[in-house]
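In: Build the 3D model from these lines:
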Amino acid sequence: KLVESGGGLVQAGESLTLTCTTSELQFEDYAWAWFRQAPGKGREGVACIRSEFSTYYKDFSEGRFTISRDNAKATLTLQMNSLNADDTAMYYCAAGLFRGGSCFSAFRKGYWGQGTQVTVVS
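Out: The predicted structure follows:
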């Protein structure tokens with residue numbers, strides 16, 4: 001239901017833009033987020049945007065990454081700048097219904113994409 005694109009291999013310091021689209025969900029009703037999982041590590045939240053457009057970031061993504069949504073195009077975007085090797089991971093988009101608490105908690109029973117790989121080399 002969710003399709004990510006935009007991953008790839010980049011040099012440290014460069015930028016990438018990830019996108020996520022859906023043709024099956026009522027896009028505007030959901031909170032949306034990006035998560036990532038590096039080899040040997042657990043999945044972690046990257047950025048989250050609620051239906052009213054408020055945004056939330058983790059410490060590592062604050063100031064470097066920007067999450068945005070276009071309800072008319074049913075598209076979620078993650079602009080990633082100043083990438084470094086620690087950003088190497090599979091990136092997943094997720095959709096969920098926000099019911100209070102942390103924005104990132106909205107996706108435990110949500111919808112997930114298949115992921116797009118981001119590799120940053122020095």
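
In: Kindly confirm whether my reading is correct that T21 touches R69.
Out: No - T21 sits out of contact with R69 when judged by Cβ atoms under 8 Å, with a separation of 11.0 Å. C-beta here means a position set from N, CA and C on the backbone, and glycine is covered the same way.

In: Spit out the residues that contact the two alike.
Out: In terms of Cβ atoms under 8 Å, 6 or more residues apart in numbering, T21 and R69 are both contacted by the residues 75-76.

In: Neighbour count: those two, which is higher?
Out: Using other Cβ atoms under 10 Å, the more surrounded residue of T21 and R69 is R69, with 21 against 18.

In: Buried ones in whichever strand or helix holds the more buried one, by neighbour count?
Out: Taking DSSP states H and E as the criterion, R69 maps to strand 65-70. For strand 65-70, the neighbour count (16 or more other Cβ atoms under 10 Å) marks 65-67, 69 as buried.

In: what's the closest residue to A74 other than its chain neighbours in contact with, if anything?
Out: Distances taken as Cβ to Cβ, 6 or more residues apart in numbering put F27 closest to A74, at 3.9 Å, once the chain neighbours are dropped. Residues counted as contacts of F27 (Cβ under 8 Å, 6+ apart) are 69, 71, 74-75, 95.

In: Also S15?
Out: If you count contacts by Cβ under 8 Å, 6+ apart, S15 has them with 79-83.

In: how does it look with 7 Å?
Out: Counting by Cβ atoms under 7 Å, 6 or more residues apart in numbering, S15 touches 80-81, 83.

In: Which secondary structure state is assigned to the most centrally placed residue in the chain?
Out: Per Cα atoms, centre = their mean, the C-alpha nearest to the average position across the chain is that of W34, at 1.9 Å. The three-state label given to W34 by DSSP: H, G, I helix; E, B strand; the rest coil is strand.
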